[in-house]
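Peer 1: with the input below, show me the fold.
(2 chains, ligands or ions: 1)
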Amino acid sequence: MQAFTTLTGIAAPLPLANVDTDKIIPARFLKTIKRTGLGVHLFDTLRYDAEGKERPEFVLNQEPYRHAEILIAHENFGCGSSREHAPWALLDFGIRCVIAPDFADIFFNNSFKNGILPIRLPRPVCDLLIEDAKLGGNARVTIDLARQVVVRPNGEEIAFDVDPFRKHSLLEGLDDIGQTLMHAAAIDAYETTQPDWMPGIR
Amino acid sequence: MVETAPRTLFEKVWDSHVVERLPDGTCVLYIDRHLTHEVTSPQAFESLRMAGRKVRRPDATIAVVDHNIPTSDRSAGISEPESRLQVETLERNVVEFGVPYFPVNDPRQGIVHIIGPEQGISLPGMTIVCGDSHTSTHGAMGALAFGIGSSEVEHVLATQTLLQKPAKSMLVQVDGVLPAGCTAKDIVLAIIGKIGTAGGTGHVIEYAGEAIRALDMAGRMTVCNMTIEGGARAGMIAPDETTFAYVTGKPFAPKGAALEQAIAYWRTLPSDAGAAYDSVVTLNAADISPMVTWGTNPEAVVPITGTVPDPAAEPDEGKRAQLQRMVEYMALAPGQKLAGVPIDVVFIGSCTNGRIEDIRAAAAIAKGRKVASGVRALVVPGSGIVKQQAEAEGLDRILLDAGFEWREAGCSMCLGMNPDKLTPGQRCASTSNRNFEGRQGPGGRTHLVSPAMAAAAAVTGKLTDVREFA
Ligand code: SF4
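Peer 2: Below is the predicted model:
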């Protein structure tokens, strides 16, 4: 996993609530057996019309937001499916950070595992950042994970919370499996205590 | 270890699976059962292979194909190349990693959340995961069951554990007796209408009360299945005599003395008197009507006697815009009555309502009637076993005579990943769980309903109050 330390980039405003995983990447694009290549279909129905032509009014079809690395949205971002294709599509497009008042649990989890930082900030703060983002190319936003601050284009810093374990993993780009396998002896020991009634599937 | 404080069902199952508690409260949680399917597993197996890792407990893992496969005649194989590739990839992976597998021509094949309980793979007191959000279904057994992403699928394959922090707990208490014509589907739609699509975020929901206790296992699975639509990753129902009777005799369930030992343990699982929850929601089942969604998330739901809300009445600007968008997408008018809205397609199936009980409910309405002209109505059993059972009971004949299509088991029109899709603008009365824009096919419009309501819509050609059929 790619480490996440600081990121300075273009933020795209997406002032929508309940952006579900089917909106992020419709199910018909989930037939891949790879993690990459989904970026062209990110927000497919919002981004393209029925003929597959770009909808000019959609933010990611506009300059400079085609190069956005940060997304700012409203409540309950990522609700719906558990499919990791949603963060993969975001990542493949180039998004490394999503800021919203709150997130659906599974999406929130999946983001960290793919090196995307989801940041929860109160709705008025998100609205402020959305206004900043609307200023376009000169309005760069910085995310400093080590210091846990979002730096607005005017230099003002906004603090955010992040789980210490996840922060550490992101900063170091650590893979969860490697960390868990350090507890292999405890897992072995646990397995010896499993009750007899729990049979294997054979 | 002596536990004195009263604990909830969730806490009991959680505590018995903690391998290690890390200083920040994260737990290494042991996973008893891992169900996998073709859509969310390929990347996980690929990473495992690249890291040179093995599947730690193939005997705690089961694989099945469901999302991609056609539900019409399968003798010619899968024609869609990408779907075929996902299925073939899974078939290679199960051989390479030694994972038990129900292939497409096995009668036990079906939707992953139907076959788990049906085969006795999902049992009370277990931790169960699957790379699919509707894993919450298995909570009906009295298990802690939740959906995970592909990275976590890989994590479970490699370690048989997950790194998790305990969730908050919510008690949803449904007292009273459900009126005639109402089902488990109506209960859970009413709950989501009340708490909202994010109401359960960060929580595990325990469903309790007279109306929940009165449900059969199929109904309990329907309720737990849609828990994720209320934002909670897991829903649980305490195991009781109904559960034990259901488990008894299932192929992979314990038998004889082992079953007795298990049941003795399962009896200790229900929440203790005085156990605390972070939040409590109560509903009276007597107030519930047959429900129908009008919008593009499951919270946009009203009784069939209700009307489409007026977005102009919503004070919050963002919510108003969202309601407006829903009304437009669904091609409905504010104030319009839901009953009488003409439909093009009826879909009866999915992990929410693809069990034998659901097909019986649909057949009871269909019997002696005909699907309205111009309406396409599909019935898709949740598993090969459900299909066999329905055919043994003659339900396929009743449905076919009425003009329904009778299909092979799979996810089918629940999501547009296989050939069963809505075309743009088509309106569908569906027993599935998600009415998101384009979920059943690009431009398709979904109204979520119970199986009986869906069958009623099929024969009248419009959204209909099933109580008129009593
Ligand atoms: S039936 Fe629908 S919700 Fe259930 S597993 Fe299949 S696609 Fe997912």
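Peer 1: close to chain B, is the longest strand along chain A?
Peer 2: Taking DSSP state E as the criterion, chain A has its longest strand at strand A:6-14. No. Figure legend: strand A:6-14 not in contact with chain B (C-beta under 8 Å from any C-beta of the partner chain); closest approach 11.6 Å. The way it works is simple: take the backbone N, C-alpha and C, and place the C-beta from them, glycine included.
Peer 1: mind listing what's buried in that strand?
Peer 2: Under the neighbour-count criterion of 16 or more other C-beta atoms under 10 Å in any protein chain shown, strand A:6-14 has A:7, A:9, A:10, A:11, A:12, A:13, A:14 buried.
Peer 1: equivalent analysis for stretch A:167-183, please.
Peer 2: Residues A:167, A:169, A:170, A:175, A:176, A:177, A:179, A:180, A:183 are the ones in stretch A:167-183 that count as buried (16+ other C-beta under 10 Å).
Peer 1: want to throw the buried residues of strand A:6-14 into a markdown table with pLDDT?
Peer 2: Below are the buried residues of strand A:6-14 laid out as a markdown table (pLDDT from 0 to 100):
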| residue | pLDDT |
| --- | --- |
| A:7 | 96 |
| A:9 | 95 |
| A:10 | 96 |
| A:11 | 97 |
| A:12 | 97 |
| A:13 | 97 |
| A:14 | 96 |
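Peer 1: can you give me the helices for chain A?
Peer 2: A:21-24, A:44-47, A:85-93, A:105-113, A:123-133, A:164-172, A:176-181, A:184-192 (DSSP state H).
Peer 1: give me the contact list for the first one.
Peer 2: Just to be clear, that refers to helix A:21-24. The set of residues that contact helix A:21-24 without belonging to it, under C-beta atoms under 8 Å, 6 or more residues apart in numbering or on different chains, is A:42-43, A:45-46, A:78-81, A:83, A:85-86, A:89-90, A:107, B:434, B:436-439.
Peer 1: again, only using 10 Å
Peer 2: A:16, A:27-28, A:30, A:38, A:41-46, A:77-90, A:104, A:106-107, A:110, B:133, B:296, B:415-416, B:434, B:436-439 (C-beta atoms under 10 Å, 6 or more residues apart in numbering or on different chains).
Peer 1: restrict these to those near the ligand?
Peer 2: Counting by C-beta under 6 Å from any ligand atom, residue B:415 from these sit close to the ligand.
Peer 1: residues in contact with the nearest residue to residue B:103 once chain neighbours are set aside?
Peer 2: Spatial nearest neighbour of residue B:103, excluding adjacent residues (C-beta to C-beta, 6 or more residues apart in numbering or on different chains): residue B:109 at 6.6 Å. Residue B:109 makes contact with B:64-66, B:69, B:74, B:101-103, B:115, B:383-385, B:387, B:408-410 under the criterion C-beta under 10 Å, 6+ apart.
Peer 1: quick one: pLDDT of residue B:109?
Peer 2: pLDDT, residue B:109: 95.
Peer 1: run the chain-centre distance for the helix or strand bottoming out on mean pLDDT in chain A.
Peer 2: Lowest by mean pLDDT, DSSP states H and E among the helices and strands of chain A is helix A:176-181, with a mean of 88. In terms of C-alpha atoms, centre = their mean, to the nearest Å, the centre of helix A:176-181 is found 21 Å from the chain centre.
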